[in-house]
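**Student:** Just a sequence and a predicted model for now, questions to come.
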Amino acid sequence: MKRTDIRHYLIGLIILIALSLAACSAENHLEQAIQHTKAASQATEGKSIAKHAQSAKDHATEAKNAKPNQKHSENSSDHLVEGIRNLDQAIEKGNLDAVDSAKKAAEDALAHLQQAKN
């Protein structure tokens, strides 16, 4: 094998690894968003709902900004956007200590994030 062939092979291998890691990162962020959203929807205090919803929003935003994975549904981006919008509402309502409204927004966000995963 020539030196240039080895370099091309190594460059291709590095690119493949980088793309694989990016896809795993997006999957992990979405899973973390779902877990924090579940915690928000089960919390009983407004500040706790807001805290978990903020963590979920951070992860959902990272998942949305990552390169899309072919395994996700065609409209997963739309579900992520809606989920993030619902998380914003959960944060707002949680900070106002409107527990029922905050939990409802978190439950709506959870439904969208789970759809984005499928």
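**Tutor:** Sure thing, it's come through. Here the structure is a predicted model, which is why all the values come from computation and not from measurement.

**Student:** What's the local residue count around D5?
**Tutor:** By other C-beta atoms under 10 Å, 9 other residues sit near D5. No exception for glycine: its C-beta is placed from N, CA and C like everyone else's.

**Student:** Starting from the host helix or strand of it, tell me the next helix or strand along the chain.
**Tutor:** Using DSSP states H and E, D5 maps to helix 3-42. Using DSSP H and E, the helix or strand that follows helix 3-42 towards the C-terminus is helix 46-65.

**Student:** name the helices or strands packed onto that next one?
**Tutor:** Packing partners of helix 46-65 (3 or more C-beta pairs under 8 Å, 6 or more residues apart in numbering; DSSP states H and E): helix 3-42, helix 76-95, helix 99-117.

**Student:** Please put the alpha-carbon coordinates of it into CSV.
**Tutor:** What follows is helix 46-65 as a C-alpha-only set of coordinates in CSV (Å, rounded to 0.1, in the frame of the first residue of the first chain):
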residue,chain,number,x,y,z
GLY,A,46,-42.8,24.6,40.8
LYS,A,47,-39.1,25.3,41.2
SER,A,48,-38.3,21.6,40.8
ILE,A,49,-40.4,21.4,37.6
ALA,A,50,-38.6,24.5,36.2
LYS,A,51,-35.2,23.1,37.1
HIS,A,52,-35.8,19.8,35.4
ALA,A,53,-37.5,21.4,32.4
GLN,A,54,-34.5,23.7,32.0
SER,A,55,-32.1,20.8,31.9
ALA,A,56,-34.4,19.0,29.5
LYS,A,57,-34.6,22.1,27.3
ASP,A,58,-30.8,22.3,27.2
HIS,A,59,-30.4,18.7,26.1
ALA,A,60,-33.3,18.9,23.6
THR,A,61,-31.7,22.0,22.0
GLU,A,62,-28.4,20.1,21.7
ALA,A,63,-30.2,17.2,20.1
LYS,A,64,-32.0,19.6,17.7
ASN,A,65,-28.7,21.3,16.7
